[in-house]
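one predicted model, sequence on top.
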Amino acid sequence: MTSFLRSDRSRAVALWLAAVAVLVVGMVILGGSTRLTGSGLSITQWKPVSGALPPLNAADWQVEFGRYQAIPQFRLVNPNMTLAAFKTIYWWEWTHRLLGRLVGVAFAIPFIWFAARREISRRMVWRLAVLFVLGGLQGVVGWWMVASGLSERVYVAPERLMIHLGLAFALLGALVWTALDAWAGWARQTLPSPWGGRALGLVGLIFVQILLGALVAGNQAGLVYNDWPLFAGHLLPQDYAAHGVWATLAHSQGAVQLHHRLAAYLLVVVAIGMAVAAVRSRYLAQTSKQLALAVAGLVVVQALLGIATLMARVPIGLGVVHQLTAALTLCLAVAFAWRVRRV
């Protein structure tokens with residue numbers, strides 16, 4: 001047997017992968033909501049199978065609440081929290097973990113089905129297998145992140161949050177690209193131009209900006225320097241430097257917010273410049289030009305949302321919309337990078 005499939009194209013596989021990508025976006029949004037509501041440390045154990053069941057009676061709730069009361073976040077941040085309030089944050093985290101399990105099932109079962117029916121080409125099977133492993137790794141990294149806030153911290157480590165969110169966005173981008181490949185079939189001819197590299201560079205810049213945003217979130221840096229474009233009336237944050245390079249890059253509130261702002265300015269300029277160049281290009285298809293304009297438009301909207309979110313001190317609604325727009329921007333940028341490589 002030389003192939004799993006007669007053709008690289010499968011609209012059914014493409015729709016399945018697109019649906020999984022939508023679920024991943026939901027995971028990103030729910031994860032952001034969980035963080036913004038301070039719910040991420042409410043479940044102090046990782047039980048991938050049995051943890052799917054929530055507490056079923058009053059005694060179970062008391063056990064879960066007792067575990068939460070033993071961690072620093074309760075003692076130092078929420079010492080007056082009641083059982084009723086605990087249930088609220090518990091359901092946020094439990095729902096987030098449940099959706100993660102559902103994403104795994106939504107990927108694994110159709111994957112087995114399509115492979116058994118030989119509706120996936122051999123080379124796509126290997127790519128999908130890698131995506132499945134990345135999805136499983138996301139669960140492990142998620143617990144590794146949560147564990148960082150259970151003993152010596154009151155919140156999770158910012159760098160672990162960055163890795164967790166970065167892996168989710170990498171998985172999302174790979175799902176979108178693979179879904180497009182399944183929909184249109186593997187490219188038989190690619191466009192001989194520099195646009196492929198340029199578009200991938202834009203994707204990379206958006207991804208880096210997402211990572212910088214994760215450091216802002218992990219350090220609660222959106223709650224400081226809430227004026228714009230200055231930092232408490234200064235051109236630069238006065239507490240930029242911390243003790244050491246890594247402490248500055250990953251843990252200084254002033255530094256991570258400055259880096260996120262500077263990258264945003266750069267991203268806006270690059271995205272608009274690339275859109276203008278794309279519209280003027282004689283080599284790009286009309287679809288590619290439209291995608292470039294859409295990416296630039298979303299980047300500008302995202303920058304404005306970021307400013308509004310900062311100046312409003314990160315209300316949950318704006319914070320969620322800001323994260324959703326980041327996901328949509330990355331998806332469109334990946335679609336643009338995929339499209340410009342095809343004749």
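Cool, got the structure.

pretty sure residue 258 is in a helix, no?
Yes. Under DSSP: H, G, I helix; E, B strand; the rest coil, residue 258 falls within a helix.

residue 45: neighbour count?
For residue 45, the count of nearby residues is 11 (other CB atoms under 10 Å). C-beta here means a position set from N, CA and C on the backbone, and glycine is covered the same way.

wait, residue 314 sits on residue 221?
No. Using CB atoms under 8 Å, residue 314 is not in contact with residue 221; the gap is 9.5 Å.

so which of these two has more stuff around it?
residue 221 (25 against 19).

which residues touch that one?
Residue 221 sits next to 215, 253, 254, 256, 257, 260 when contact means CB atoms under 8 Å, 6 or more residues apart in numbering.

can these go into a markdown table with extra columns for neighbour count?
Output for the contacts of residue 221, formatted as a markdown table (neighbours: other CB atoms under 10 Å):
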| residue | neighbour count |
| --- | --- |
| 215 | 24 |
| 253 | 21 |
| 254 | 22 |
| 256 | 27 |
| 257 | 24 |
| 260 | 22 |
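
excluding covalently adjacent residues, which one is nearest to residue 173?
Spatial nearest neighbour of residue 173, excluding adjacent residues (CB to CB, 6 or more residues apart in numbering): residue 334 at 4.7 Å.

and that neighbour, helix, strand or coil?
helix.

how close does it get to residue 295?
Remark: distance between residue 334 and residue 295 (CB to CB, to the nearest Å) = 10 Å.

before we move on, what about residue 302?
10 Å.

again, but for residue 277
12 Å.

re earlier: so what sits against both of residue 302 and residue 295?
residue 329.

higher neighbour count, the two?
Neighbours around residue 302 and residue 295, counted as other CB under 10 Å, are more numerous at residue 295. The numbers are 29 against 25.

what helices or strands is the host helix or strand of that one leaning on?
Assigned by DSSP states H and E, residue 295 belongs to helix 286-311. Helix 286-311 sits against helix 195-218, helix 253-280, helix 316-340, with contacts defined as 3 or more CB pairs under 8 Å, 6 or more residues apart in numbering; DSSP states H and E.

adding mean pLDDT and distance to residue 54, write these out as a markdown table.
What follows is the helices and strands packed on helix 286-311, written out as a markdown table (pLDDT from 0 to 100; distance: least, CB to CB, whole Å):
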| stretch | mean pLDDT | distance to residue 54 |
| --- | --- | --- |
| helix 195-218 | 96 | 26 |
| helix 253-280 | 97 | 35 |
| helix 316-340 | 97 | 22 |
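
what segments of the stretch 51-200 of the chain are helices?
Taking DSSP state H, counting those that start in this stretch to define them, one finds helices in the stretch 51-200 of the chain at 58-69, 72-76, 83-116, 122-147, 158-184, 195-218.

what comes into contact with the first one?
For helix 58-69, the external contacting residues (CB under 8 Å, 6+ apart) are 41, 42, 43, 44, 45, 55, 74, 75, 83, 86, 87, 90.

how about 7 Å then?
Applying CB atoms under 7 Å, 6 or more residues apart in numbering, the contact partners of helix 58-69 are 42, 44, 55, 74, 83, 86, 87, 90.

brilliant, that's me finished.
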